[in-house]
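K.L.:
Please work out how this folds:
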Amino acid sequence: MNKVTKRPRPSLANEIVESIKARIDSAEYRPGSRLPTEAQLCEEFGVSRATVRSAVKELDVTGLVHTRQGLGTYVRSIPYVRDGLERMGSISDSIRASGKEPGMEYARRVVRTVSPDEATKMSVPLETQVLELRRKITADGEVVAYSFDLLPLSIFGADFDPLELEGSIFAYFENQLGFHASLGIAEVHAVESRKVGWGPGSSEHTLFILLDQLQYANDGRLLGYSRSYFVEGAYAFLLKRTN
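P.N.:
Residues are numbered from 1 along each chain as shown. Below you'll find the predicted structure:
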């Protein structure tokens, strides 16, 4: 005897989608709040788990919710900061332009030699000395990004003290070194990891947009290599596309 597999009914899945959309629009489900569990939605709508999962998947694809493995499904927060992906500039400036107050916490300032992989990425000799930075970037006190930066030591003066580097790196380039970061070569990746962030609340940050970028001055000088992990839902990149 052939086993009959029960398939979710699209009409029922759509009913759940429209109901949850209405609750999000009316602020019954607020940004950042958790949706009822699968079991609760199954009981409320009288449907199978397959139907509920189909509905949640559609809501996820359309950007209304996101699922955190082992934690549940949450209404997506309104992005805290918006920036144009085609524009290279200071993260702090983007935060200010979004009407927020930027903050910066330096967790690491270490002078070291590049690794072979870093030397290849940066197109520098293996003996190149760099200043390694680890920064937590906030907007109105909320973490929006974690950044791991390598700055060639050669761009600094002989008496440079790493502790004097605070706030925006781009601002330091401009105001202290006289360099204008005019070109960025970047790759963009989606990342899921529990090992990127640090400090209170970092365990909640597991989804990121990674901007893997080399920065150059007007004269072609390499100013730095940054791997900036923007917290998903807290920082939105906009890309203007034309035909």
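K.L.:
so what are the domain limits for this protein?
P.N.:
With domains defined by automatic domain parsing, the chain comprises 10-75, 81-238.
K.L.:
what residues are up against residue 34?
P.N.:
71, 72, 73, 74, 75 (C-beta atoms under 8 Å, 6 or more residues apart in numbering). No exception for glycine: its C-beta is placed from N, CA and C like everyone else's.
K.L.:
In strands only, show me those.
P.N.:
72, 73, 74, 75 (DSSP state E).
K.L.:
Buried by neighbour count, from those residues: which ones?
P.N.:
73, 74, 75 (16 or more other C-beta atoms under 10 Å).
K.L.:
Name the nearest of those relative to residue 129.
P.N.:
residue 74 (43.7 Å; C-beta to C-beta).
K.L.:
List the beta-bridge partners for residue 75.
P.N.:
residue 65 (DSSP bridges).
K.L.:
wait, what's in contact with it?
P.N.:
24, 29, 30, 31, 32, 33, 34, 35, 64, 65.
K.L.:
Can you pick out the most distant pair from those?
P.N.:
Checking the contacts of residue 75 with C-beta to C-beta, the most distant pair is 34 and 64, at 13.6 Å.
K.L.:
need the buried ones among the ones in strands among the contacts of residue 34 in a markdown table with pLDDT and distance to residue 153, can you?
P.N.:
Below are those laid out as a markdown table (pLDDT from 0 to 100; distance: C-beta to C-beta, whole Å):
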| residue | pLDDT | distance to residue 153 |
| --- | --- | --- |
| 73 | 89 | 47 |
| 74 | 87 | 43 |
| 75 | 86 | 46 |
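K.L.:
what comes up buried for the lowest-mean-pLDDT helix or strand in the chain?
P.N.:
Every helix and strand of the chain was ranked by mean pLDDT, DSSP states H and E. The lowest is strand 81-84, at a mean of 74. For strand 81-84, the neighbour count (16+ other C-beta under 10 Å) marks 81, 83 as buried.
K.L.:
Same question for stretch 177-192.
P.N.:
Buried-residue list, stretch 177-192, by 16+ other C-beta under 10 Å: 179, 181, 184.
K.L.:
re earlier: which of the domains of the chain has the lowest average pLDDT?
P.N.:
Lowest mean pLDDT within these: domain 10-75, a mean of 87.
K.L.:
circling back to that earlier point, need the buried residues of stretch 177-192 in a markdown table (columns: secondary structure and distance to residue 203).
P.N.:
Shown next, in a markdown table, are those (DSSP: H, G, I helix; E, B strand; the rest coil; distance: C-beta to C-beta, whole Å):
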| residue | secondary structure | distance to residue 203 |
| --- | --- | --- |
| 179 | coil | 37 |
| 181 | strand | 33 |
| 184 | strand | 31 |
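K.L.:
Good, we can wrap up now.
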